[in-house]
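Asker: I'd like to go over a predicted model; first the sequence, then the structure.
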Amino acid sequence: MNLSFRNRIALHYMIATAIIMAVTFTVVYFVVQRTVYENLDNDLTFEAEKHTEEITIVGDSIKIKNKEEWAEREHLEVQINPVFIQILDKNGKFMDNSPNLKNDVLAYNPEQKFGGHFNETLNNRAIRQVQIPIEQNGKIKGFILAAMSLESSNMVLLNLRNVLFFSYLVLLAGLYYISRFIAGRSIIPVKVITQTTNRITKNNLNERVILPQNKDELYDLSSGINQLLQRIENTVERERQFTSDASHELRTPLSTLRGTLEVLIRKPREREEYEGKIKFSLTEIDRMSDTLEQLLLLARLDNDSKASKETSIPLPTLIDEILSRQKKAITDKGLSIAFHNEVSQEQIVPGYYTNLILENIIGNAIKYSRKDTTLQIIITESDAVLICKVVDEGIGIKKEDLDNVFNHFFRSDALDHKSIPGNGLGLSIAKKAADAIGASIEVESEMGQSTTFIIRF
Ligand code: ADP
């Protein structure tokens, strides 16, 4: 059954109330029933005991005294619920009865314990009955049966049952509509949230859900949605910026390439000139494919769930591998490498991501170092955190740029180091990779002196 949220709340509320009401009404009914029977039973016992005084016992015969007087009395008094009396001998044989019984006979039930009350019928009409032994000198001589009509009591109980049952149904129906109305009012803020979120597209991501006045669960939901929208807006904005930077980054070398080739084709040239221009074009193409590759890597890092399936590797082994891959660049610059491992036990790190981080940071340290200087790589440990520092003696980074070096395409003072190739993507990749494995990267630098990258695993 596909009920709306509002109807579901109303239904649950109604079911809970229905159960409570059913229990209450049943208890009320049984308490009234018990009271009615108790009153009747008290009257019956009283009447039966009273009439044991009004009998005469002669041998085996037991008779009601002054029967005429009794009949007279019944004629004169208006009895609301007359009492029927019947006398039996000790074998249950009929002896005498009250005049109001005429020819009717009360049923003797030898299985009923004496003094106990039970329901019976007389001429197909419901009666309540009690039977009490008649004793003389400690011997049972017979029984006195007393009965009263149960019809008016049963009528009261039947009426009560009908009233309770119908008011139960009417109350439930009323309750359903009232709780539906209240539930409808309570979920108005949810409707507002739905309407706002339905209105939001990628063109108006700055719209927000209006916060309810009460700081309740719906307030939390609305502000949670607003925070989510803020994060989505930031991401979309970053993506936009990234796409525009990426296209700009590729457009520049493409137009340089185009310009070079156009100039080249304008008139016949010397072989050397052709070779020079083609070599230049090839370098531009290489640069573009590097940028493209890094862009793809960044996109992959965004969607990657590789961190969990990572293969682990000892950190010193990984650094050795990176240094041997960079051997040519290190020798060309005349750098000396000082590698200090101050941690004795094995330091295992996630291979793929740590390689992305250190490849870029060590690559930069080599790239931006001054000639014939020292590049230090230090592994330490503090509070069970593995720390790797890469310290170069290079051009350094301006203080105000330190926060930006991890942004896509950011190059600090790129014009001042035109000869050093780069596209500003390396540290973004390193940062993303660090995020994927829960590592952090920090940078400190002294302009014109040195730069230190600190990676905490
Ligand atoms: P790039 O391809 O330009 O090297 P990165 O993202 O790796 O891109 O670095 C961003 C910028 O940070 C670089 O352009 C450079 O200005 C600065 N930078 C990074 N590492 C160093 C370093 N070791 N010394 C000096 N500057 C650095």
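Answerer: Arrived safely, thanks for sending.

Asker: buried sites along stretch 221-229?
Answerer: For stretch 221-229, a neighbour-count test (16 or more other C-beta atoms under 10 Å) marks 222, 225, 226, 229 as buried. Where you see a C-beta, it was placed from the backbone N, CA and C, and this is true even at glycine.

Asker: and what of stretch 61-72?
Answerer: Per 16+ other C-beta under 10 Å, stretch 61-72 contains these buried residues: 62, 64, 70.

Asker: Can you give the contact residues for the helix or strand hosting the first one?
Answerer: For residue 62, the host element (DSSP states H and E) is strand 61-64. Under the criterion C-beta atoms under 8 Å, 6 or more residues apart in numbering, residues 51, 54-56, 70, 85, 87, 89, 95-98, 134, 141-142 lie in contact with strand 61-64.

Asker: Kindly report the same for stretch 182-199.
Answerer: Against stretch 182-199 from outside (C-beta under 8 Å, 6+ apart): 5-7, 9-10, 13, 207-210, 212, 218, 221-222, 225.

Asker: Alongside the ligand, which residues does this structure contribute?
Answerer: 360, 364-365, 368, 392, 394-397, 405, 410-412, 422-428, 451 (C-beta under 6 Å from any ligand atom).

Asker: and if we set it to 8 Å?
Answerer: 360-361, 363-365, 367-369, 390, 392, 394-397, 401, 405-406, 410-414, 417, 420-430, 443, 445, 451, 453 (C-beta under 8 Å from any ligand atom).

Asker: hmm, which of the residues you listed are the buried ones?
Answerer: Among the residues of the chain next to the ligand, the ones that count as buried by 16+ other C-beta under 10 Å are 360-361, 363-365, 367-369, 390, 392, 394-397, 401, 405-406, 410-412, 422-430, 443, 445, 451, 453.

Asker: that older thread, out of the contacts of stretch 182-199, which sit inside helices?
Answerer: Among those, the members found in helices (DSSP state H) are 5, 6, 7, 9, 10, 13, 218, 221, 222, 225.

Asker: Out of these, the closest to the ligand would be?
Answerer: When the ones in helices among the contacts of stretch 182-199 are ranked by distance to the ligand (C-beta to the nearest ligand atom), residue 225 comes first, at 35.0 Å.

Asker: what about residue 317, how many residues close to it?
Answerer: Per other C-beta atoms under 10 Å, the neighbour tally for residue 317 reads 14.

Asker: Could you report the separation of it from the ligand?
Answerer: Look at residue 317 and the ligand: by C-beta to the nearest ligand atom, to the nearest Å, they are 23 Å apart.

Asker: And that residue, which helix or strand is it part of?
Answerer: helix 315-325.

Asker: Also residue 239?
Answerer: Element membership for residue 239 (DSSP H and E) is helix 217-266.

Asker: quick one: that helix to chain centroid distance?
Answerer: 36 Å (C-alpha atoms, centre = their mean, to the nearest Å).

Asker: what does stretch 177-193 give?
Answerer: Distance of stretch 177-193 from the chain centroid (C-alpha atoms, centre = their mean) equals 20 Å.

Asker: returning to that earlier point: the next helix-or-strand element following the helix holding residue 317 - contacts with which helices or strands?
Answerer: Note on helix 315-325: by DSSP H and E, the next helix or strand toward the C-terminus is helix 327-333. Under the contact definition 3 or more C-beta pairs under 8 Å, 6 or more residues apart in numbering; DSSP states H and E, helix 327-333 sits against helix 351-368.
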